[in-house]
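Trainee: quick one, structure for this:
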Amino acid sequence: MLDLLDSHTHTIASGHAYSTMNDMIAAAQKKGLSLLALTEHAPDMPGTCYDGYFYNLKILPRKRDMLWTLFGVELNILNRNGDVDLEEDLYKTLDVTIASIHPPCYHETDPDAHLEAYLHVMERPYINIIGHPDDGRYPVDYKRLVRAAKEHSKLLEVNSSSLAPTTFRQNARENYREMLYWCRKYECPVIVNSDAHADCLVGEHTRALGLLKEAEFPQELIVNSDLESYFSHINFDPSAIEAQREC
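Mentor: Residues are numbered from 1 along each chain as shown. Presented below is the predicted three-dimensional model:
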């Protein structure tokens, strides 16, 4: 499969990642990617950057030679109401927004709360991707999740790091199999991301792509192979970009 992009990565600005922005960009260029998005954790994640970091991303060029370099955020879903930890007036200005459940920021214990949280988040404009909806600690009805993603034109992520032996997420492979079944049935597109927290993992999608192959998932529903499809799902408009000075 043609794999052009990685839209979920973190630098040292997130506090628990290990490479700089330039390290991550160099790794993407070496790997031959067409697009890299740096999506730092939003402020409620312990140790990450504050609001001002995201306000100032506008100064950075969106093209480095042949590589699109986008800048966004991984928002923390806070509760069953789908509240997140940046104001919409800020995150709508970012190139790409991911919303995810993370244990340090999400404390709902009612089994029904997790699906409600995702459903409410997907009603919000300018949120583009649901990050790693695979963790068995937060079980959801995947049929309803997929139908909502389709209705609201959100991308569901297949997160390669969730499938790694080092992951702390539970039952990701089994949960993805069920999610992909409903994505295929309802023709809901997905995005494969690395969730890289170090430069050596940029574009490392081997496990996720292997799972998609096992599931015989249609290539036309994987946006990694089509930049136009990817751009149609995010906030960034490549046609509106102005010439920018290279760093």
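Trainee: residues near Tyr18, how many?
Mentor: By other C-beta atoms under 10 Å, the residues close to Tyr18 number 15. C-beta here means a position set from N, CA and C on the backbone, and glycine is covered the same way.
Trainee: sorry, wrong one. I was asking about Glu108.
Mentor: Neighbourhood size, Glu108 [other C-beta under 10 Å]: 17.
Trainee: tell me how far it lies from Tyr118.
Mentor: 11 Å (C-beta to C-beta, to the nearest Å).
Trainee: lowest-scoring secondary structure element of this structure by mean pLDDT?
Mentor: Counting by mean pLDDT, DSSP states H and E, the chain has its least confident helix or strand at strand 63-64, which shows a mean of 94.
Trainee: and the longest helix along the chain, what other elements does it pack with?
Mentor: Assignment by DSSP state H gives helix 172-186 as the longest helix of the chain. When contacts are defined as 3 or more C-beta pairs under 8 Å, 6 or more residues apart in numbering; DSSP states H and E, helix 172-186 sits against helix 142-152, strand 155-159, helix 206-214.
Trainee: quick one, strands of the protein?
Mentor: Taking DSSP state E, the strands of the chain run over residues 5-9, 35-41, 63-64, 67-76, 97-100, 129-130, 155-159, 190-193.
Trainee: quick one: low-confidence parts of this protein?
Mentor: Along the chain, the parts satisfying pLDDT under 70 run over 242-247.
Trainee: can you do 80?
Mentor: 241-247 (pLDDT under 80).
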